[in-house]
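>>> sequence first, then the predicted structure, then my questions.
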Amino acid sequence: MQAHRRPAIARSAFQEVLLGLEYGEEREHTADIFSRACVESFRESEGMCFGYRFTQVFEATVLHEVAVLEQVPPEQVARLDHRPTATMRQLGDALDHRADLTLVQRVNLASALLSIARPALAETVLTEVRPLAASHRERFEIAWLTFVLSNRQDDTRGSSQAFAVMRDAITAGEVPPGRALDACAQGVVWYLKRREITHDDFVWSVHAGNALARRAQTQGEDPSTVSSWYRGLAMLPAAKGMAEKTRSYMESARAAAEETIRRRPRAYELNLMKTYHESSLKEHMYVTGDMDAAVESGRELIALDPQWSISYGELAEAYVRFGQPREAAELYDAAASMGAPYVGHHVLKAAVSWDKAGEPASALARYENLATLVPGNVEVLTRALECAHRLSHPSVRSFEAALEHLDAVRAAS
């Protein structure tokens, strides 16, 4: 049986943005939503006001993958020693001379660093500026970023402490309603996901968030935070399998997203519709069990953001859940071909899916590709060896030798 050809891996706009906080002119109309929003936020931030906007926060492992793909030492990239563009040199200069910046500028600096997956540098900046906070608003903004950092690092205690600071500031009346509603949405989401805040703070978040959302809707305030709120709130009935209530909240989220985009059709606002489709996909995978609706949501997600690898991986995950590995394999291949983020994850998932689809030769080709991308990975080598054995493939000996070498290194250490 002939193996399906391995897809070539492209250099994505995401890769360019994480390395240089900008992308080439040729991507002006084709870059993914995350990359466009990331570049826009830094370009538009004057450092004089709180509220630096970022759409998604990635873990440091994603930055490591980008460095490997770019063939730049990961430690140089993580420390921001690698500054290949004028924009990254501007950010690096702000980092080098942060002692000369105002508190607001330093908080925005931490936000920018967080937006391009430099959590350690962001934490350094926040640690330095935290003792300087003199008002509830300043403490709120620092705690907001601390909360984001903590829950990305599975630091439940740090998240809980940061949220308590945010709640105090909101209760004191010094936080704008939109920022307060965003905090309530984060509280609901991360309590339901991993109990990142206390039950008391969760209950408070639900009540305060509902009141803030009603106020925003009746007074015509920024609908972007309302969209995020209802998307988070939908997780409550979803956790109980209440499909109709879940859909009701999701429709409210969609309506607010559409109104936001009507007012400001920029990348940051488009991301609200993107996250709506992502959540709808999960809704139909885990709440309604409706494969056709899940696939439709996935296709709408891809149509909205066709250069985003994760969108293809999300739909592939749905096909896996509904027992269609071949369709999943093809989508995982498409995701991997688009480049970062999550190239390694997508190649591995493609290999597993091709194997389940009865195409072990195609699976082995992906394992061989992955073994080159992440040399010395025991899981990849073990899976590749098992697949090669089943095919009586000549690569058996090379995988065995690689695993024997790793065993010898571990024994020596």
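Great, that's in hand. These figures come from a predicted structure and were not determined experimentally.
>>> how many neighbouring residues does Thr218 have?
8 (other Cβ atoms under 10 Å). Bear in mind the C-beta positions are built from the backbone N, C-alpha and C, glycine included.
>>> in contact with Val188: list those residues for me.
Residues in contact with Val188 (Cβ atoms under 8 Å, 6 or more residues apart in numbering) are 202, 205-206, 209, 232-233, 235-236.
>>> quick check, nearest of those to Thr372?
The nearest member of the contacts of Val188 to Thr372, counting by Cβ to Cβ, is Met235 at 39.3 Å.
>>> pLDDT below threshold where in the stretch 1-150 of the chain?
For the stretch 1-150 of the chain, the stretches with pLDDT under 70 are 1-3, 5-6.
>>> how about the helices of it, start to end?
For the stretch 1-150 of the chain, the helices defined by DSSP state H, counting those that start in this stretch cover 13-20, 33-44, 60-70, 74-79, 86-96, 103-115, 119-129, 136-152.
>>> got the buried residues for the first one?
What it means is helix 13-20. The neighbour-count check on helix 13-20 (16 or more other Cβ atoms under 10 Å) flags 13-20 as buried.
>>> could you identify which of the helices of the stretch 1-150 of the chain is most buried?
Of these, the one with the most neighbours on average (mean count of other Cβ atoms under 10 Å) is helix 13-20, at a mean of 25.
>>> quick one: that helix to helix 103-115, angle?
Put simply, helix 13-20 runs at 130 degrees to helix 103-115, going by axes from the mean of the first three to the mean of the last three Cα atoms, to 10 degrees.
>>> what packs against helix 13-20?
helix 33-44, helix 60-70, helix 86-96 (3 or more Cβ pairs under 8 Å, 6 or more residues apart in numbering; DSSP states H and E).
>>> can I get these in a markdown table including distance to Leu315?
Below are the helices and strands packed on helix 13-20 laid out as a markdown table (distance: least, Cβ to Cβ, whole Å):
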| stretch | distance to Leu315 |
| --- | --- |
| helix 33-44 | 16 |
| helix 60-70 | 20 |
| helix 86-96 | 33 |
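>>> between these, which one is nearest to Pro265?
helix 33-44 (11.7 Å).
>>> contacting residues around that closest one?
With Cβ under 8 Å, 6+ apart, helix 33-44 has contacts from 12-14, 16-17, 21-23, 27, 31, 52-56, 87, 91, 112, 115-116, 266-268, 270-271, 274, 304-305, 308.
>>> list buried residues within these.
12-14, 16-17, 21-23, 27, 31, 52-55, 87, 91, 112, 115-116, 266-268, 270-271, 274, 304-305, 308.
>>> list the contacts of Arg79.
Leu121.
>>> try the one 10 residues further on
Taking Cβ under 8 Å, 6+ apart as the criterion, Arg89 is in contact with Arg83.
>>> measure it to Val125 for me?
Distance, Arg89 to Val125, using Cβ to Cβ, to the nearest Å: 18 Å.
>>> cool, Arg79 as well?
Arg79 is 13 Å from Val125, by Cβ to Cβ.
>>> next one: Ser41
17 Å.
>>> and if you look at Ala67?
Distance from Ala67 to Val125, counting by Cβ to Cβ: 21 Å.
>>> repeat for Arg11
Distance from Arg11 to Val125, by Cβ to Cβ: 29 Å.
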